[in-house]
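Colleague: The following block contains a protein sequence and its predicted model.
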Amino acid sequence: MTADTGANAPQNSGSGLDILLTEMRESCAALEAKTLEHDKLLGDERFDEFVHSLASRSPLIERLARASASLDSILSDPNASSSYPEHAILDARKELDELSMVVANVLRQDERHQKLVEDRRDALSGQLSGVKQGRHAIRAYSGSASRNGPRLQDREG
């Protein structure tokens, strides 16, 4: 499911609700776009760019969290919500449920991305371990250890 940022998004009569829902829709749409970007970056094994892109979405998450907290305070407080028409409150709750599904999808994708990165990290760790073992083997066969150790001599000659 994608966040609807177009003309099909419900318009509530209360401007405060409209502003908060618009912020949330825009943030969700941007997070979904970032998730698609992350899929591509990880698929291309461009991990440095992935990490940069991951960090760049923090402002989106903060904006979404602020708008969500503000909307929740309106919807959960009967005194605050009473200043809006009942249909506006119902529409806001419905849209909030839809946006929650978008966020849940982004979180599922984040878990998948984390698994991909951890698998790649583990593979690199195994490769580095193999390189280290290879260095030890090269030193063992190079004879450097025997130069420092005792030598056998045939004195009967």
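Modeller: Thanks, I have it.
Colleague: And the helices in the chain?
Modeller: Ranges of helices in the chain, per DSSP state H, are 15-43, 47-56, 58-76, 78-81, 86-142, 144-148.
Colleague: Mind putting those helices into CSV with mean pLDDT and mean neighbour count?
Modeller: Backbone N, C-alpha and C define where each C-beta goes, glycine included. Formatted as CSV, the helices of the chain follow (pLDDT from 0 to 100; neighbours: other Cβ atoms under 10 Å):
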stretch, mean pLDDT, mean neighbour count
helix 15-43, 94, 18
helix 47-56, 92, 13
helix 58-76, 94, 15
helix 78-81, 89, 11
helix 86-142, 85, 13
helix 144-148, 53, 9
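Colleague: ok, residues contacting stretch 38-58?
Modeller: For stretch 38-58, contacts defined as Cβ atoms under 8 Å, 6 or more residues apart in numbering pick out 30-31, 34, 37, 109, 113, 116-117, 120.
Colleague: one more time with 7 Å
Modeller: The contact list for stretch 38-58, computed with Cβ atoms under 7 Å, 6 or more residues apart in numbering, reads 31, 34, 37, 113, 116, 120.
Colleague: Contact partners for the fourth one?
Modeller: Which is His113. 38, 42.
Colleague: let's see 10 Å
Modeller: 35, 38-39, 41-42, 50, 54 (Cβ atoms under 10 Å, 6 or more residues apart in numbering).
Colleague: Just the closest of those to Ser100, please.
Modeller: Ser100 has its nearest neighbour among those in Thr35, at 15.8 Å by Cβ to Cβ.
Colleague: is it true that that closest one touches Glu111?
Modeller: No. The criterion here is Cβ atoms under 10 Å, and Thr35 misses it with Glu111 at 11.4 Å.
Colleague: How far away from the center of its chain is stretch 34-49?
Modeller: Here the centre of stretch 34-49 is set off from its chain's centre by 11 Å, with Cα atoms, centre = their mean, to the nearest Å.
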